[in-house]
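# All I have is the shape, not the residue letters:
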């Protein structure tokens, strides 16, 4: 196969038009092929002279599709490099964006045919663009192509830069919503990325407000998914999910009210509440992929944390036994599990049969917690003010003593 390398003074764009046209019409015989190739080259030349860059891109793309099956990957990349570089020609950002949409859509049209190569071409196009919204459009095409073509491993590394890219793109709510959900769905199917998937799912849900009930209703399925993933995760024990409008709407939904109730139990209640819920909703748990034994284990840890939040900071063994519904010899192992999960910092007093808690995690951060923080900050502020006053008073005393000493020396 001939590689697309200009060997004369012919414009690279015309070389690509000629190359793709020859491939397209090769099976029609030399006479027909020559006529069609010459016609396409003349059309391309005319559009170059008239600066009709969008029309030129459209013309080149009409015959570029065939090269994925007939040309080597090196030739395909070379051809599309020339086509993608057309976005540098127009002065109008609107026309650049229109060209970017045209090229990206054409590349992503057949995601199962050399998807990794198509993804590489899309990223090359992305790097040629300066308009942030055009970049975002191409990035979303790349995301969808990666999913459809089953080559998500090539796009996942870019997720590390998403915070930076979001600042550059300056997206509206709808675009953020599409991006966060797409990323969450990709990460969901990647082993070891459940936490990252959940985080992006939460970001998606956070874009919804109570102002538009119709739009809010779109998030119900994903809200349910977030609740189930939170309950299922063995290392997630706290969050502000209950305050999100997208999730709060489930409480009054006839179909999903039990899901909301389950979330309330895992964020605000103890093991006994979960066991009561399970007795009448076991089918919901099993259909959602939740394992009862895993839920019990998680609720035991949560119940232990709840006991540790009392004012005294001490938890008698018998309270732990009752709350966690375990045997006497299981109390200390469960305390160790809570320490390992970094839910509490404590000391086990085996002689007095108590656990002395120095810190425990908050399951939810509500108005009382903010009031506590406000009170502590006020106390610290007062203490700092007293320290400053003391230092200033001591400084005045020292200055006065030095002045008296100076008078005595004279």
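That came through fine. Worth saying up front: this structure is predicted, and the values here are computed from it rather than measured.
# Tell me who's in contact with residue 225.
Contacts for residue 225 (CB atoms under 8 Å, 6 or more residues apart in numbering) come out as residue 201. For the C-beta atoms, the positions are set from N, CA and C on the backbone; glycine is no exception.
# Beyond whatever helix or strand it lives in, next helix or strand please.
Residue 225 is part of helix 220-232, with elements assigned from DSSP states H and E. The element immediately downstream of helix 220-232 (helix or strand, assigned by DSSP H and E) is helix 245-248.
# Mind giving me the packing neighbours of that next one?
On a contact count with 3 or more CB pairs under 8 Å, 6 or more residues apart in numbering; DSSP states H and E, helix 245-248 meets helix 194-206, helix 220-232, helix 257-268.
# Show me the contact partners of that helix.
Contacts for helix 245-248 (CB under 8 Å, 6+ apart): 205-206, 208-210, 216, 219-220, 222-223, 226-227, 241-242, 260, 263.
# If we use 6 Å, what do you get?
205, 208, 209, 210, 219, 223, 241 (CB atoms under 6 Å, 6 or more residues apart in numbering).
# still on that earlier bit, buried set for the helix holding residue 225?
220, 222, 223, 224, 225, 226, 227, 228, 229, 230, 231, 232 (16 or more other CB atoms under 10 Å).
# Next one: the residue nearest to residue 239 when sequence neighbours are not counted from residue 275, what distance?
Closest residue in space to residue 239, ignoring its immediate chain neighbours: residue 230 at 6.5 Å, by CB to CB, 6 or more residues apart in numbering. Going from residue 230 to residue 275 by CB to CB, to the nearest Å gives 19 Å.
# show me what contacts the residue nearest the centre of the chain?
Closest residue to the average C-alpha location of the chain: residue 200 at 3.2 Å, with CA atoms, centre = their mean. Residues in contact with residue 200 (CB under 6 Å, 6+ apart) are 180, 183, 184.
# Export the residues you listed to a markdown table and append columns for secondary structure and pLDDT.
Converted to a markdown table, the contacts of residue 200 look like this (DSSP: H, G, I helix; E, B strand; the rest coil; pLDDT from 0 to 100):
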| residue | secondary structure | pLDDT |
| --- | --- | --- |
| 180 | helix | 97 |
| 183 | helix | 97 |
| 184 | helix | 97 |
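# Quick one, which of the residues you listed are buried?
By 16+ other CB under 10 Å, the contacts of residue 200 give 180, 183, 184 as buried.
# Throw those residues into CSV and include distance to residue 281, thanks.
Output for the buried ones among the contacts of residue 200, formatted as CSV (distance: CB to CB, whole Å):
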residue, distance to residue 281
180, 30
183, 31
184, 26
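# Setting aside sequence neighbours, what's the nearest residue to residue 349?
For residue 349, the spatially nearest residue (CB to CB, 6+ apart) is residue 356, at 6.0 Å.
# what are the bridge partners for that neighbour, then?
With DSSP bridges as the criterion, residue 356 is bridged to residue 314, residue 347.
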